[in-house]
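[1] One predicted model, sequence on top.
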Amino acid sequence: MQTEFRLPAAFALIRIGIAHRVLLAASVAFLQSPAMSQTTEDFVGNWINVYPETRAITRIVLTKSDEGSELIVHGFGACSPECDWGEIRIPFTGNPLVGVYDFGFKTATLTMCLASPGLLFIHADNIFQDGRDYVNDQLFHRDANPPLAGGDASAFVGDWFSLYPEDKDLEASQIDTIRILRTRISAVAGNLEISVHAACQPRDCPAADGTATVVAAGNPFTADIDFRTPEGVSWGNFKFTFQLFEGDLLHVTGMLWENALHRAESPAICYVPPRPSFHRSDIDGNGVLNISDAISLLGSLFLGGASSACLESADTDNDAAISLTDAIYILNHLFLSGPRPVAPGPPDDPCGPDPDPPGSVGDLGCESYAACR
């Protein structure tokens, strides 16, 4: 980057050790890079929803780009005939992956995760222009027949947790949904006793916990679950189907909604925690961009000052490293009409997350940023 800007005299001597610090920053970025436990080949295939009555994605075709660095996602929705969503391309960054379909009237953000070698899990955030927002979880198989688990009904016994356990805040939504976040199944005198905890939207809907007792049968089985409010008032009795797949994955469907859960002792590999929003270049996090931000950054780099609680905010040019050039970038923007800090932009822009994929080399993290809370 070329610039004629000169640092104030107070910083003219802050040059010793720059090469060492840049090398250290590069080493930290390398250590933070994700372990690629899957390759594009593991995702490639024609994935079919295990729930034939789905009202969401019926199948999704994943192919890799010619150079192998991207996945091409081709989705199909539940219409008659089948709705063709078209293709999107996303960089391959490991497991899970995130892709966004923008249909104009809504966006569908898909978090795609290999839950087992033969099962693909998708959590979809559907955000509409008219407020019909909803989220749903779906499970897909790659083979002609879904890989059901063997064994008797005792295989269902245990504690199960959603592959995507976050209770999304969609209180303004006009769509009623139930998502089972966890369930406990116990074997008692030849029966299976089931208790579930569900999240529903809108957030003030009364569904919370449900119970059922069924005769221990085979795989799958159905149960009429009695949902009650926290005050014990019955909200309704709904039929759910419990189906166990290879890889210790429990699929629960009811009221045309789909749920996918893993055993409590299994790792929650499919959940991506919500990404914090921030402003670029606001080093001190006070919601204002001025010369104090550049001074704070220089102090942390060369004088032992405190680092920003949001490293991404300090990475002004988003080059995956925090260095002297970030401070120069700020000063150049403030006093020489230089370019604006990159997305999500400075404090006079809306708050936003880091555009780099989660876990990528460019994702330096943001522990906290008060101005966007």
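    Good, I have the coordinates.
[2] if I look at residue 139, how far off is residue 248?
    13 Å (C-beta to C-beta, to the nearest Å). Glycine gets a C-beta too; all of them are placed from N, C-alpha and C.
[3] Quick check on the two: which one has the bigger neighbour count.
    Higher neighbour count among residue 139 and residue 248: residue 139, with 27 against 17, using other C-beta atoms under 10 Å.
[4] check contacts around that one.
    By C-beta atoms under 8 Å, 6 or more residues apart in numbering, the residues touching residue 139 are 49-51, 115, 119-122, 245, 249, 251, 258, 260.
[5] again, but for residue 292
    Shown in contact with residue 292 (C-beta under 8 Å, 6+ apart): residue 284.
[6] quick one, phi/psi of it?
    The phi/psi pair for residue 292 (degrees, to the nearest 10) reads phi -60, psi -30.
[7] Quick one, grab the pLDDT at it.
    With respect to pLDDT, residue 292 scores 95.
[8] how close does it get to residue 124?
    Between residue 292 and residue 124 the computed distance is 42 Å (C-beta to C-beta).
[9] I'd like to know how many residues surround the residue lying closest to residue 75 once chain neighbours are set aside.
    If you skip the residues right next to it in sequence, residue 75 has residue 85 as its closest partner in space, 3.7 Å away by C-beta to C-beta, 6 or more residues apart in numbering. Neighbours of residue 85 under the rule other C-beta under 10 Å: 16.
[10] Could you list every helix and strand in contact with the one helix or strand residue 85 maps to?
    Residue 85 is located in strand 83-91, with elements delineated by DSSP states H and E. Applying 3 or more C-beta pairs under 8 Å, 6 or more residues apart in numbering; DSSP states H and E, one finds that strand 83-91 contacts strand 70-77, strand 97-102.
[11] What pairs with that strand, parallel or antiparallel?
    Strand pairing for strand 83-91, determined by DSSP bridges: strand 70-77 (antiparallel).
[12] the inter-axis angle of the strand it pairs with versus strand 97-102?
    Angle of strand 70-77 versus strand 97-102, following axes from the mean of the first three to the mean of the last three C-alpha atoms, to 10 degrees, is 50 degrees.
[13] who's in contact with strand 70-77?
    By C-beta under 8 Å, 6+ apart, strand 70-77 touches 40, 43-44, 56-65, 82-92, 97, 99, 101, 110, 112.
[14] Need the buried ones from the residues you listed selected in PyMOL.
    Command for PyMOL that selects the buried part of those, burial taken from 16 or more other C-beta atoms under 10 Å:
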select buried, resi 40+43+56+57+58+59+60+62+64+85+88+90+92+97+99+101+110+112
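[15] helix/strand/coil for residue 329?
    helix (DSSP: H, G, I helix; E, B strand; the rest coil).
[16] Let me see the contact set for the residue nearest to it when sequence neighbours are not counted.
    Spatial nearest neighbour of residue 329, excluding adjacent residues (C-beta to C-beta, 6+ apart): residue 316 at 4.4 Å. With contact taken as C-beta under 8 Å, 6+ apart, residue 316 is in contact with 280, 281, 326, 327, 329, 330, 341, 342.
[17] mind running it again at 7 Å?
    Residue 316 makes contact with 280, 281, 326, 329, 330, 341, according to C-beta atoms under 7 Å, 6 or more residues apart in numbering.
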